[in-house]
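>>> Next input, structure requested:
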Amino acid sequence: FHAIPAAGFFPGRGDFPVLVQQSVVVGGAESSPPSRRSGHPAATSVRPSIPPGARTPAVEEAWKQGSAAASQGRHAEAVEHYKKALLLLGKKPERAELYHRMGDAKAALGKNAEALHNYDKALGVEPLHHEAFERARALLEAEKSFARLEALYRRRLEARSDVTAKVKELAAIATLWVDQAKDPSKAIPALEHWVRLSEDAEALERLVDALSAAGRHAGANEARKRLAKLIEDDPPKRAGVLAAAAQVAQKHLPGGGDALDLARAALDADANVLSALEVAALALGTRRRWRELAEIYESILPRIADDVVA
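Next comes the predicted model:
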């Protein structure tokens, strides 16, 4: 594929869509080995061979000289050779690998800002370039530049076509904000996007946690209702989710919201969820609706497992 544009059959990479996907030459997220989160490649680390599309004599020579200089610790010299190779290479997609190598050399020189700039350029050409992303992630995590790191994840997200792969990127964004930045509210957009793409239990549970931490109790309860519907085949778990929603509604929503309905639904799913019974008893007892409360007790009595509770 790299040889086709090099031969002149296509004027640009946009005319051959396969080229904008992850490359087996420069390494994609699934094809490359995991990189260390911190530090940079040792001088003896193995590099991929020069891509076929870059193999003109002048580019190949500059590329080899840059690699040789980098392997010997002459990083400033390596940068100059890589720059020359970039100029000769033009707009071909292989330049992503050169930008990545320049970033490594700049990082080795202690020029982290310039290294990040080069990694960003590499990812602009090849959003799924695995090593460039890993290097940039390590630097941005060290700087606690979480917004910039999310932008890199979103660039990868846009480059993905498979729903499962997209979900993986969104989950990583959510983890970034919850576990590293300790700011769950910033994770909400990514989690909501995840739920739109694939409404699964993990996505909804994480969305509930993030919305609750942000004090958005009505939204958290809507997510709990969707989760309860999703797990209808697991009555005890469904009852627990609905009981939690009932407690939140009673405590945080105006007038108790739909706490009573949620408590009834929880008890219908599992009569042994006593927290739901407490919500119903408080709601109905406060309003002196004794007949309805008695009906609830009567309906759950045959299904209570604990004789003492019964």
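
>>> how close does Asn146 get to Ala190?
Careful, residue 146 is Phe; it's not Asn. 12 Å (C-beta to C-beta, to the nearest Å). Any C-beta I mention is one placed from the backbone N, CA and C, and that applies to glycine too.

>>> Average pLDDT for the helix ranked longest in the chain, rounded please.
Secondary structure of the chain per DSSP state H: the longest helix is helix 235-252. Averaging pLDDT along helix 235-252 gives 97.

>>> what do you get for stretch 285-294?
For stretch 285-294, mean pLDDT rounds to 96.

>>> What are the buried residues along that stretch?
The neighbour-count check on stretch 285-294 (16 or more other C-beta atoms under 10 Å) flags Leu293 as buried.

>>> Any idea how far it is from the middle of the chain?
Computed by C-alpha atoms, centre = their mean, to the nearest Å, the chain-centroid distance of stretch 285-294 equals 47 Å.

>>> Repeat that for stretch 249-263.
Distance of stretch 249-263 from the chain centroid (C-alpha atoms, centre = their mean) equals 33 Å.

>>> and the end-to-end length of it?
Terminal residues of stretch 249-263 are spaced 10 Å apart (C-alpha to C-alpha, to the nearest Å).

>>> hmm, who's touching it?
Here stretch 249-263 makes contact (C-beta atoms under 8 Å, 6 or more residues apart in numbering) with 217-218, 221, 242-243, 245-247, 276-277, 279-280, 282-284.

>>> again with stretch 215-231
Contacts of stretch 215-231 (C-beta under 8 Å, 6+ apart): 188, 195, 199-201, 204-205, 207-208, 211-212, 237-238, 241-242, 244-245, 248-249, 252-253, 257, 262, 265.

>>> Return the members of these classed as buried.
Buried members of the contacts of stretch 215-231, scored by 16+ other C-beta under 10 Å, are 188, 195, 204, 207-208, 211-212, 237-238, 241-242, 244-245, 248-249, 252, 257, 262, 265.

>>> Now, of the contacts of stretch 249-263, which are buried?
Looks like these have 217, 221, 242-243, 245-247, 276-277, 279-280, 282-284 buried, using 16+ other C-beta under 10 Å.

>>> contact partners of stretch 186-200?
Contact with stretch 186-200 is made by 146, 150, 163-164, 166-167, 170-171, 173-178, 203-204, 206-207, 210-211, 214, 216, 223, 226, 230, as judged by C-beta under 8 Å, 6+ apart.

>>> Going through the residues you listed, which ones are buried?
When the contacts of stretch 186-200 are checked for burial by 16+ other C-beta under 10 Å, the buried set is 146, 150, 166-167, 170-171, 173-174, 176-178, 203-204, 206-207, 210-211, 214, 216, 223, 226, 230.

>>> low-scoring stretches of the protein, by residue?
Along the chain, segments meeting pLDDT under 70 span 1-55.

>>> what sits against the residue lying closest to Ser275 once chain neighbours are set aside?
Excluding its sequence neighbours, the residue lying closest to Ser275 (C-beta to C-beta, 6 or more residues apart in numbering) is Ala243, at 4.7 Å. Contacts of Ala243 were listed using C-beta under 8 Å, 6+ apart, and they are 262-263, 266, 273, 275-276, 279.

>>> Which members of those residues are positioned in strands?
Of these, none are assigned to strands by DSSP state E.

>>> Closest one of the residues you listed to Arg154?
In terms of C-beta to C-beta, no member of those lies closer to Arg154 than Leu262, at 35.4 Å.

>>> show me what contacts the closest residue to that closest one other than its chain neighbours?
Counting by C-beta to C-beta, 6+ apart, Leu262 lies nearest to Ala246, which is 3.7 Å off, once chain neighbours are set aside. Shown in contact with Ala246 (C-beta under 8 Å, 6+ apart): 259-260, 262-263, 266, 275-276, 279-280.
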